[in-house]
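[1] build the 3D model from these lines:
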Amino acid sequence: MDEEKKVESVEETVEVPVEAPVEAPAAEAPKKSWKDLKLNYPQTLKVGLGFAVVMIFWQVYNFVVPLLLEDAFGFSNTIRNLIVGIASAMCMVLLPVFGKLSDRCKSKWGRRTPFIVVGTVITILAMILVPLSVNWQLKDSSTVKANYGYFFQVEDPNIELVDEDGNKTTRYDLLGSWYDAAAKGDYTHLTKAAYNDLNATYGASARDTFCKLYNVTVSNDGLMGIGAKNYYLTRTVYEDGKYISIDGKSGVKTVFDTVSKKSTESQATEEELKDLVLTKEEYDEYSSEFITYSAYLADGASGYISSRVQTETKWGGWFAFFLIALVLIIFAQTVMRTPAVSLMPDVTPSPLRSPGNAMINLVGGVGGGIGFLIYTITFLFNLQSTVTYWIIFSVLSVTLARVLGLFLSLVREQKWVDQCRTICREYGLPTDQDEEPAVEAAPEANEAPAKPAKKQGMFAKYGKKKMISFYLILASIFMWFIGYYSIANNMSIYCVKILNVSAGIASIVSGASLVVAAIGFIPVGVMARKFGRRISIIFGFLLAVVSYVLVAACVKRGSDIATAIFMVCYMVSGFGLIFANVNTLPMVLELSNPKDIGTFTGIYYIATMSAQTLGPIFGGLVMDYVGGSSGVFIFAAACVVLGTVFMAFVKHGEAPDFLAAKEAKKEAKLAAKSAE
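    Numbers count the residues shown, from 1 in each chain. Next comes the predicted model:
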């Protein structure tokens, strides 16, 4: 028995010095009190300009490119998601590469600045290729879309459609064939969820109801129907080979000639407009028809029109040109993204990285707001699609150039890195100039001490326990982003189909969430220093779970109250996102050493970008085939709950000052008990 105790004692004395340098570097006594550490807010805001360049671009990219793919090429939801996913796929492969390259860079301008400059300059130069590559394709596709779009706006279900081959069909017969195909298990035009809901709602008359649907368009002078005083109808008729559409609100009369494929606009007469001004009761009745159309036919009609674009335009060459431009731009952004994010921890001591990350996210949020304004204001002018995209990408290029110029004039990377090293040494914190601690394997009992382990990967370099926490953090953030983006990237569809609000209102909701984020970044960073990063993240996750469950349970189709509930819950869930954004990256960096900040940042973005790719696809599949609109919120909540479970098991990644304060409280309690 004494022998066993002796061996046990030997094992313990060997294990302590092995684990101590790896598992708890924060336990070393600092030369100064960590309470004296203060974040340099002006400097951190300036550093955030590099991240602002990234966020301006991605805010515009994520909103505009899917629309551009739809407008120019008529691709389906699946194809659009795959093309947009090219960006994330490239990022997953290349972000760690450029993070590691920037770690090793020894330029006189610093490790990160050269990558930020090169990436931004290439982005600006390549940006002109995007509208150029789709300019003529947009003209052809808009003509095809007008022809088939008006076909679904005419109230008469017996209107005839003549395609390019001279074949004729009525809309009633066309929709009937879609319904019959769904009844046989072919959900190409009528989704399974919509087909089942249609039959559950209308029973024996489901087919006839579906065949008589049309795209009725109503409008009002209020916001989401609230505060409106006047209500209007847009009516479309077909006469002598021409579609005639009159907008009751604007008074514009549009005539599209199906033979010449040209449109003309004029002002409608008072006689033509008189029955297009509605009473509230008439407006509600038309709105109900629009909601029904949106729920059952909108996706099928959109897919049908898109298929006609691909059939009746020669888009292959232009798409190849567009894809080359897109790949070049995304490559440029990949060059700069990891270095831009890594610059903050380079110049910020580790205890201050949560509030520091909050500050650069705040600057990035402002950048996202600028991107939001670029496309929102441009779309409000209702210009021709070719002109619209030229304006968006031109203004985006100029904006990126101006922000880059501001970054270069204000940021002194090498000087600030040197200052950070000095501060870290004063407070007993590691720097990128320190020697890396060697992690040795503990010897077996009665054996000679083992030689220092060679570098055999991250587990050997950083220690098993730290790496377990590292992968748990990555798993947690992956599940969180799967849930978040399954909703965020399908939000416009949800708003139009379920809430009966316009895409413009959906854009405003998205913009409002940016404002909430800007307000919340600083207090979230402060909260992380007080309560810890892990607890702050879990709190944010729980906010999102409650929000998603409330939407799934309470939000029903076409109600103003439902819209208000959705807006509030969406913004609350976005506030939960702030807790994740502010704290997860600092936790990851806490597990690295200062020499590998870029590498760890790149690996972190593998998790986030892969989830950003898969989330929208999973969300669309759930909406189409599993639980409809409510199902996607339940799915998102389940993902975030799983992310919360992963985060609950994380044992490492807190700031050293928080760990020191926690240890001091523990010792004080023990001392108080001993005194008793």
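
[2] tell me what the one helix or strand Val417 maps to is packed against?
    Secondary structure from DSSP states H and E places Val417 in helix 413-426. Identification of packing neighbours for helix 413-426 by 3 or more Cβ pairs under 8 Å, 6 or more residues apart in numbering; DSSP states H and E yields helix 316-346. In short, each C-beta sits where N, CA and C put it, glycine included.

[3] for the helix it packs on, what is the distance to the chain centroid?
    16 Å (Cα atoms, centre = their mean, to the nearest Å).

[4] now that helix: buried residues?
    Under the neighbour-count criterion of 16 or more other Cβ atoms under 10 Å, helix 316-346 has 318-319, 321-322, 325-326, 328-346 buried.

[5] and if you look at stretch 649-657?
    Along stretch 649-657, these residues count as buried under the neighbour rule (16+ other Cβ under 10 Å): 650, 652-657.

[6] equivalent analysis for stretch 201-208, please.
    206-207.

[7] what's the first-to-last distance across that stretch?
    Terminal residues of stretch 201-208 lie 13 Å apart, using Cα to Cα, to the nearest Å.

[8] need the contact partners of that stretch.
    176, 179, 198-199, 209 (Cβ atoms under 8 Å, 6 or more residues apart in numbering).

[9] for the residues you listed, which one is nearest Asn40?
    Nearest to Asn40 among the contacts of stretch 201-208 is Leu198, at 60.3 Å by Cβ to Cβ.

[10] what about the closest one, neighbour count?
    For Leu198, the tally of surrounding residues (other Cβ atoms under 10 Å) stands at 23.

[11] can you name the helix or strand that it falls in?
    helix 192-202.

[12] quick check: longest strand in this protein by residues?
    The residue-count maximum for a strand in the chain (DSSP state E) belongs to strand 231-239.

[13] tell me which other helices or strands it touches.
    strand 217-220, strand 242-247, strand 277-278, helix 280-296.

[14] each with direction, which strands does it pair with?
    In the sheet containing strand 231-239, its partner strands are strand 217-220 (antiparallel), strand 242-247 (antiparallel), strand 277-278 (antiparallel), by DSSP bridges.

[15] so which of the ones you listed is nearest Thr431?
    Comparing the strands paired with strand 231-239 by Cβ to Cβ, strand 217-220 comes nearest, at 61.2 Å.

[16] can you name the residues in contact with the closest one?
    153, 228, 230-234, 248-249, 278, 283, 286-287, 290.

[17] are any of these buried, and which?
    Among these, those classed as buried by 16+ other Cβ under 10 Å are 153, 231-234, 248-249, 278, 283, 286-287, 290.

[18] let's have those residues in a markdown table, adding pLDDT.
    Output for the buried ones among the contacts of strand 217-220, formatted as a markdown table (pLDDT from 0 to 100):
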| residue | pLDDT |
| --- | --- |
| Gln153 | 95 |
| Tyr231 | 91 |
| Tyr232 | 94 |
| Leu233 | 95 |
| Thr234 | 95 |
| Gly248 | 94 |
| Lys249 | 91 |
| Leu278 | 94 |
| Tyr283 | 89 |
| Tyr286 | 91 |
| Ser287 | 85 |
| Phe290 | 86 |
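
[19] show me which of those residues is closest to Gly241.
    Gln153 (16.1 Å).

[20] I'd say the closest one and Asn215 touch.
    Yes. Gln153 is in contact with Asn215 according to Cβ atoms under 8 Å; the separation is 4.7 Å.

[21] ok, the nearest residue to Thr348 once chain neighbours are set aside to Pro339 distance?
    Spatial nearest neighbour of Thr348, chain neighbours left out: Gly356 (4.2 Å); criterion: Cβ to Cβ, 6 or more residues apart in numbering. Per Cβ to Cβ, to the nearest Å, Gly356 is found 16 Å from Pro339.

[22] try Lys212
    58 Å.

[23] what of Gly525?
    22 Å.

[24] could you do Ala320 as well?
    Distance, Ala320 to Pro339, by Cβ to Cβ: 31 Å.

[25] which residues in the stretch 501-650 of the chain form helices?
    With helices called from DSSP state H, counting those that start in this stretch, the stretch 501-650 of the chain shows them at 503-531, 533-554, 560-590, 597-625, 628-648.

[26] actually the stretch 1-150 of the chain, not the one I wrote
    2-23, 41-73, 77-104, 113-127, 129-151.

[27] and for the stretch 351-500 of the chain?
    Using DSSP H, counting those that start in this stretch, the helices of the stretch 351-500 of the chain run over 353-380, 385-410, 413-426, 458-462, 464-488, 491-497.

[28] for these, which one sits closest to Arg534?
    Across the helices of the stretch 351-500 of the chain, Arg534 has its closest neighbour in helix 464-488 (9.0 Å, Cβ to Cβ).

[29] what's the neighbour count on the closest residue to Ser141 other than its chain neighbours?
    Sequence neighbours aside, Val309 is the residue nearest to Ser141 in space, at 4.8 Å (criterion: Cβ to Cβ, 6+ apart). Residues lying near Val309 (other Cβ under 10 Å) number 23.

[30] Val309 and Asp71 touch, don't they?
    No. Contact criterion Cβ under 8 Å: Val309 and Asp71 do not qualify, at 9.2 Å.

[31] what touches both of these two?
    141, 145.

[32] which ones are touching the nearest residue to Val60 once chain neighbours are set aside?
    Leaving aside its chain neighbours, Val60 sits nearest to Gly371 (4.4 Å; criterion: Cβ to Cβ, 6+ apart). For Gly371, the contact set (Cβ under 8 Å, 6+ apart) comprises 55-60, 63, 396.

[33] which one of those residues is nearest to Ser142?
    Phe63 (19.6 Å).

[34] distance between stretch 125-134 and the chain's centre?
    Relative to the chain's own centre, stretch 125-134 is displaced by 23 Å; criterion: Cα atoms, centre = their mean.

[35] and the average pLDDT for that stretch is what?
    Averaged across stretch 125-134, pLDDT comes to 93.

[36] which residues touch it?
    In contact with stretch 125-134 (Cβ under 8 Å, 6+ apart) are residues 68, 72, 318, 321-322, 324-326, 328-329, 332, 386, 389-390, 392-394, 396-397, 400.

[37] Arg421 and Thr209: what is the separation?
    According to Cβ to Cβ, Arg421 and Thr209 sit 72 Å apart.

[38] actually Gly248, not the one I wrote
    Relative to Thr209, Gly248 is positioned 26 Å away (Cβ to Cβ).

[39] same deal with Tyr232?
    In terms of Cβ to Cβ, Tyr232 sits 25 Å off from Thr209.

[40] using CSV, write out every CA atom in the longest strand of the chain.
    The C-alpha trace of strand 231-239 is given here as CSV (Å, rounded to 0.1, in the frame of the first residue of the first chain):
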residue,chain,number,x,y,z
TYR,A,231,-54.7,51.7,-50.3
TYR,A,232,-54.0,50.9,-53.9
LEU,A,233,-54.2,48.1,-56.5
THR,A,234,-52.0,47.4,-59.5
ARG,A,235,-54.0,45.8,-62.3
THR,A,236,-52.6,43.9,-65.3
VAL,A,237,-54.5,42.9,-68.4
TYR,A,238,-53.7,41.3,-71.7
GLU,A,239,-55.0,42.8,-75.0
